[in-house]
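>>> Quick one: sequence plus predicted model below, questions after.
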2 protein chains.
Amino acid sequence: MTDSVRRSDATRAAILRAARERFAADGYERATIRAIAADAAIDPSMVMRYYGNKERLFAAAADFDLRLPDLAGLPHHALGEIVVAHFFDRWDGDETLIALLRAGTTNPAAAERMREIFASQLGPVVARAARGATGPTAEQRAGLAASQILGLALTRYVLRFAPVVALRRDELVAWVAPTIQRYLAEDL
Amino acid sequence: MTDSVRRSDATRAAILRAARERFAADGYERATIRAIAADAAIDPSMVMRYYGNKERLFAAAADFDLRLPDLAGLPHHALGEIVVAHFFDRWDGDETLIALLRAGTTNPAAAERMREIFASQLGPVVARAARGATGPTAEQRAGLAASQILGLALTRYVLRFAPVVALRRDELVAWVAPTIQRYLAEDL
DNA sequence: ACCGTTGGCCAACACCTGTTGGCAACGGTA
DNA sequence: TACCGTTGCCAACAGGTGTTGGCCAACGGT
């Protein structure tokens, strides 16, 4: 029975979708099981049966893939623009990263998940792209890039600073890409 | 009586200090009135008597002055370094900004406070410094700078990304200062 | 020495939270 | 048809939350 499509799969998916929305909009503590269940048009106890507890529900909802391309085969001078544009694609198409960002500031487990994702997904890509560069380590380059990328997501999607919201996406890419380019591939 | 020093002033200050610590460490919702009162060695009901409710307590605890210097009289090419170093001074010496950052991601009032602070304190300083520059408006320049500065605070003090925590302060200034310099004073 | 004012604590309130167990309807299978 | 695992809801629990009102002791000016 485990390999067939169960009737409950739709419910499971509805819960996960509602959870991602709520976690993204409200953060970990304000996103209540009851509210998520109501969004999914289901009883709160079903959430517990399918996901065990709130922490495991969040872990399931915050399973995220940055889907970074391999930068080693791309034009070296365009790394910054490619990375920034890719992150815009990623968080415009999936609010999971925003959920993670909101929850990570108050929930230790969410912060740990965030560290894992960037260490295991951004780190290696940067290491391959920055091969042969002198100066800082790949981890340091990745950390610097993360600070600018997450700061952009923070001010635009979470804190909603008016000028950052008002700037068009391509304008932001033009401004921020050189920053990322320098962090990833240049020396001081 | 209102202009004299009351016996309760010490208690008021202790509550405020405990509130700032708790809000900085836990964020808005996880920082409970009871925990703040316990830190201040006081009864929870006293917090209510002195500050009315939790939201007003946060407003009092999050009253923050960036203390930005007037950049117009300083060497133009060193703006970035001065600003970045100043922010390190500011958030190393006062955890209020960290409290604001943590709370701002989940509490709408805290986010609004954050927008106010940056619009009213960073905006005008940037406008004076960037006088005569062409291209983007001062608000846009300030917003871009805020994205990098807050991203740095986020990854270093809140999410605690290992490489960003491990880098020395002067190393981070050296890397980030050119970014801020470009956002504040250069064109695309 | 008095007495109003101030500073403080205790107990309780109404509400909301994550979480649990029991019970009814469904839907394939024998 | 009789069965039994699955899917779902309802009601409740135990604990924690912000918040309130009443009571008591210490202070300080007269």
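Perfect, thanks for sending it. Residues are numbered from 1 along each chain as shown, chains lettered A, B, ... in the order given.

>>> Show me what from chain A comes close to DNA strand D.
Chain A has residues A:1, A:6, A:7, A:8, A:11, A:41, A:42, A:43, A:44, A:45, A:46, A:49 near DNA strand D, with proximity defined as Cβ under 7 Å from any atom of the strand. C-beta here means a position set from N, CA and C on the backbone, and glycine is covered the same way.

>>> buried subset of the residues you listed?
Buried by 16 or more other Cβ atoms under 10 Å in any protein chain shown: A:11, A:42, A:46, out of those.

>>> pLDDT and secondary structure added to those residues, as a markdown table?
Putting these into a markdown table (pLDDT from 0 to 100; DSSP: H, G, I helix; E, B strand; the rest coil) gives the following:
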| residue | pLDDT | secondary structure |
| --- | --- | --- |
| A:11 | 96 | helix |
| A:42 | 97 | coil |
| A:46 | 97 | helix |
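
>>> Is it possible to get those residues out as a markdown table so that each row also shows distance to chain B?
Converted to a markdown table, these look like this (distance: Cβ to the nearest Cβ, whole Å):
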| residue | distance to chain B |
| --- | --- |
| A:11 | 28 |
| A:42 | 25 |
| A:46 | 25 |
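
>>> what's the helix or strand for the residue nearest to residue A:149 when sequence neighbours are not counted?
Distances taken as Cβ to Cβ, 6 or more residues apart in numbering or on different chains put residue A:87 closest to residue A:149, at 5.5 Å, once the chain neighbours are dropped. Taking DSSP states H and E as the criterion, residue A:87 maps to helix A:79-93.

>>> Buried residues, that helix. List them.
For helix A:79-93, the neighbour count (16+ other Cβ under 10 Å) marks A:79, A:80, A:81, A:82, A:83, A:84, A:85, A:86, A:87, A:88, A:90, A:91 as buried.

>>> What is it packed up against?
If you count contacts as 3 or more Cβ pairs under 8 Å, 6 or more residues apart in numbering or on different chains; DSSP states H and E, helix A:79-93 packs onto helix A:96-104, helix A:138-153, helix A:169-185.

>>> what's in contact with the lowest-mean-pLDDT helix or strand in chain A?
The weakest-scoring helix or strand in chain A, judged by mean pLDDT, DSSP states H and E, is helix A:123-129 (a mean of 93). Identification of contacts with helix A:123-129 by Cβ atoms under 8 Å, 6 or more residues apart in numbering or on different chains yields A:68-72, A:76, A:79, A:138-139, A:141-142, A:145, A:184-185.

>>> redo that, cut-off 7 Å
Around helix A:123-129, the neighbours that count as contacts under Cβ atoms under 7 Å, 6 or more residues apart in numbering or on different chains are A:68, A:70, A:71, A:72, A:79, A:138, A:139, A:141, A:142, A:145, A:184.

>>> Lowest pLDDT pick from these?
In terms of pLDDT, the lowest of the contacts of helix A:123-129 is residue A:72, showing 88.

>>> For the closest residue to that one other than its chain neighbours, grab the count of nearby residues.
Using Cβ to Cβ, 6+ apart and skipping the chain neighbours, the partner closest in space to residue A:72 is residue A:128 (4.6 Å). Residue A:128 has 13 neighbours, counted by other Cβ atoms under 10 Å in any protein chain shown.

>>> now residue A:9
10.

>>> Where does it fall, secondary structure wise?
Going by DSSP H and E, residue A:9 is in helix A:8-30.

>>> Of all residues in chain A, which one is closest to chain B?
Chain A approaches chain B most closely through residue A:151 (1.9 Å), counting by Cβ to the nearest Cβ.
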